[in-house]
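**Q** here is a sequence with its predicted model. Questions after.
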Amino acid sequence: MNVNKPFEQIVSSLYSEKPSRNLFHYTSLRSLEGIVRDRCLWATDIHYFNDAAEMRHIAQLLDGEIDRRIRQGCDNEKVLSQFRVWLSDRLPNGNMVFVTSFTQNGNLLSQWRGYCAPGKGVSFGFDPGLILRCADEQSFQVGKCIYETADQAKLVTQIVDAVSDLAKIRGEAAPNKKHPSQSYHGVFEEIENSLLHIGALVKHPSFAEEEEWRAVSSIFTNYVEAPIHYRESLSMLVPYIHFSLAPSGESRLFFKHVFLGPTPNINLSINSLSRFLAKHNTGQFSVQYCGIPYRNW
């Protein structure tokens, strides 16, 4: 019997919905040059995303559910108390999962402001089938982010229920194998990878307008031998891996649509961007200006 089946079912359900509209990616003109040249995006370790609360949000939701059950006098307080401590350490500091982001809204002011340099932004759209093919070939899963409070509450209830059931099946580790304060940590380690895949799709409700979809990698436990690269940020080195945008059998990069972000030089920017994309044969489309006045940036 597969005792981890409840977690597999949760993950499978979260990633079962498939995108049906173009998926856009926002970036700078400088980054676009590299994306076209290398035919790939950078998938960042989710712990290093610009939004520092990425994995903390699911941890806070789980902590709240655990606290509620303990205050109501549950019969497995030891399991849940240990799970709470384990979560506070492993979710922010444990195994690595890499994510690259897309959105179904290719022209959103908050996205231009959040992900693009002033006057130098671009968003380019892909056929969703292409992204799914690329993901499948690279052991990524594509999933839609969860923003609704009710959906998140239901999800954390399922997780805590499944952890409690698994702890009953596995039992408590003997003192000679685990310290008494960590007697159920072996149980939690079994479901760590599933928790990372779940947490990668749970976002704070305030970001709902982004309509974000994510390509989420398999889990990396060996950071020495894995194909991980590092880039400089404002205060640290950020780990990332390549997410290829050219599936097997394709020799070039295809865009379905391109928006130019707010800029003071609309006509000149559209001309040069159009010529650059045509030079690299990235598809049949016209670059469209976002329509947002640069002064509103």
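**A** Noted; the coordinates are in hand. Numbering: from 1, shown residues only.
**Q** distance of residue 26 relative to residue 57?
**A** 21 Å (Cβ to Cβ, to the nearest Å). C-beta here means a position set from N, CA and C on the backbone, and glycine is covered the same way.
**Q** and for residue 33?
**A** 33 Å.
**Q** equivalent analysis for residue 258, please.
**A** Taking Cβ to Cβ as the measure, residue 258 falls 32 Å from residue 57.
**Q** so residue 203 touches residue 149, yeah?
**A** No - look at residue 203 against residue 149 with Cβ atoms under 8 Å: they stay out of range, at 11.6 Å.
**Q** looking at these two, which one has more neighbours?
**A** residue 203 (21 against 11; other Cβ atoms under 10 Å).
**Q** once you drop chain neighbours, what's closest to that one?
**A** Once flanking residues are discounted, residue 203 sits nearest to residue 145: 4.7 Å by Cβ to Cβ, 6 or more residues apart in numbering.
**Q** residues touching that neighbour, list them.
**A** With contacts taken as Cβ atoms under 8 Å, 6 or more residues apart in numbering, residue 145 has the following neighbours: 201-203, 207, 210, 212-214.
**Q** which positions in the helix or strand harbouring residue 157 come out as buried?
**A** Element membership of residue 157 [criterion: DSSP states H and E] is helix 149-170. For helix 149-170, a neighbour-count test (16 or more other Cβ atoms under 10 Å) marks 152, 155-156, 158-160, 162-164, 166-167 as buried.
**Q** so for residue 26 and residue 57, which sits in the more crowded spot?
**A** Set residue 26 next to residue 57 and count neighbours by other Cβ under 10 Å: residue 26 wins out with 25 against 17.
**Q** name the next helix or strand downstream of the strand or helix carrying the more buried one, please.
**A** Per DSSP H and E, residue 26 falls inside strand 23-28. Note on strand 23-28: by DSSP H and E, the next helix or strand toward the C-terminus is helix 29-38.
**Q** so what touches stretch 125-140?
**A** Outside stretch 125-140, the residues touching it (Cβ under 8 Å, 6+ apart) are 18-25, 43, 102, 106, 141-142, 215-218, 243-248, 254-258.
**Q** oh, I was asking about stretch 60-80
**A** 81, 83-84, 87-88, 152-153, 155-157, 159-160, 163-164, 167-168, 183-184, 187, 202.
**Q** what's the model's confidence in that stretch, averaged?
**A** The pLDDT scores in stretch 60-80 average 95.
**Q** now swap in stretch 118-126 and tell me
**A** Mean pLDDT, computed over stretch 118-126, is 95.
**Q** now swap in stretch 242-258 and tell me
**A** 90.
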